[in-house]
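Enquirer: Quick one, fold the following:
(one chain, ligands or ions: 2)
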Amino acid sequence: MNNLILEVNDVAVAFGGVKAVNGATMSVEVGSVTSVIGPNGAGKTTLFNLISGATKPDSGTILFQGFEIQKLLPHKIAGRGIVRTFQGAKVIKRLSVIDNLMLGAQNNPGDNLINFFNPRARNAFEKQARERAMALLKQVGIERFANDYAGILSGGQRKLLDLARALMAEPVMLLLDEPFAGVNPTLVEKLLEVLHDLRTEHHLTFLLVEHDLETVMNISDRVVVMAEGRVIADGLPNSIYENQAVVDAYLGTRKLKS
Ligand SMILES: Nc1ncnc2c1ncn2[C@@H]1O[C@H](COP(=O)(O)OP(=O)(O)O)[C@@H](O)[C@H]1O
Ligand SMILES: [Mg+2]
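Expert: Numbers count the residues shown, from 1 in each chain. Ligands and ions are numbered 1, 2, ... in the order given. Next comes the predicted model:
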């Protein structure tokens, strides 16, 4: 066993004629923060969909803790500990904040036919899940909204809720798709603080897609650069700036824009 928690080997998937991911290879070390960057359309979100099982690869393998997962259904992959948040922070607006979290609870005995007829097991589970949900809301700093509709939350607060929802499933590795996009600076600070605690206290591993390069450089142990469905560079944050292929494919166009 090595210290790689995730290994993506030569993975490809095409939609119609579009090769969204076209032979991508990358890995993530246990306990690290690894960021995937790259221009729009590079295949970053598709890579996340492949890792979480929402999309099946046409070829290649994905290993999590040494096991091949590329053929598993999404809930089986989540059960192994890979949990994701969404680019648009998926919350159900007409449900209370705490009930949004209750949906993220796993192994609900209510889903199991035998336990379905055992109200005691169900109630005990409910109570435990609710306590856990409140603790997580507190951890991300939105417990005061627990009984409000999720629809009243700001964009940044929804991201915090989406993060808490992901934590309900007790992840080993979190996939965060643009966690800082559209979040005001105060909430970015909060989010960074929560991520830091999760890492140091709960030893979670993070894989994230993020556009804000300054944040990426600050928080990442490794940076993976994608362009046109491939991984074109992979290394320490500072090494990325010195990579000519990266400057050409990504940083160059970014600099021209600003
Ligand atoms: N479900 C889909 N159907 C068709 N094309 C898709 C689908 N998902 C992604 N693509 C295409 O695949 C490419 C990579 O998209 P995406 O993974 O969303 O990139 P990124 O997240 O890096 O911006 C884009 O050209 C996109 O239009
Ligand atoms: Mg994307």
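Enquirer: what's the burial count for Val140?
Expert: For Val140, the count of nearby residues is 23 (other Cβ atoms under 10 Å). Backbone N, C-alpha and C define where each C-beta goes, glycine included.
Enquirer: residue contacts, it?
Expert: 160-161, 163-164, 190, 194 (Cβ atoms under 8 Å, 6 or more residues apart in numbering).
Enquirer: do you know how far it is from Val172?
Expert: To Val172, Val140 is 19 Å away according to Cβ to Cβ, to the nearest Å.
Enquirer: So what does the residue nearest the centre of the chain look like in phi/psi?
Expert: Geometric centre of the chain, nearest residue: Leu175, 1.8 Å, by Cα atoms, centre = their mean. Main-chain dihedrals, Leu175, degrees, to the nearest 10: phi -100, psi 120.
Enquirer: Chain neighbours aside, what residue packs nearest to it?
Expert: Among residues not flanking Leu175 along the chain, Arg84 sits closest, at 3.9 Å (Cβ to Cβ, 6 or more residues apart in numbering).
Enquirer: Counting neighbours, what do you get for that neighbour?
Expert: By other Cβ under 10 Å, neighbour count at Arg84 equals 25.
Enquirer: was I right about it contacting Ala169?
Expert: No - using Cβ atoms under 8 Å, Arg84 makes no contact with Ala169, being 9.9 Å away.
Enquirer: got the contact list for the residue nearest to the centre of the chain?
Expert: 48, 51-52, 82-85, 207-208.
Enquirer: Redo these as JSON lines? Include pLDDT and distance to Arg130.
Expert: Below are these laid out as JSON lines (pLDDT from 0 to 100; distance: Cβ to Cβ, whole Å):
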{"residue": "Phe48", "pLDDT": "95", "distance to Arg130": "29"}
{"residue": "Ile51", "pLDDT": "97", "distance to Arg130": "30"}
{"residue": "Ser52", "pLDDT": "96", "distance to Arg130": "26"}
{"residue": "Ile82", "pLDDT": "96", "distance to Arg130": "25"}
{"residue": "Val83", "pLDDT": "93", "distance to Arg130": "19"}
{"residue": "Arg84", "pLDDT": "89", "distance to Arg130": "23"}
{"residue": "Thr85", "pLDDT": "85", "distance to Arg130": "21"}
{"residue": "Leu207", "pLDDT": "97", "distance to Arg130": "29"}
{"residue": "Leu208", "pLDDT": "95", "distance to Arg130": "29"}
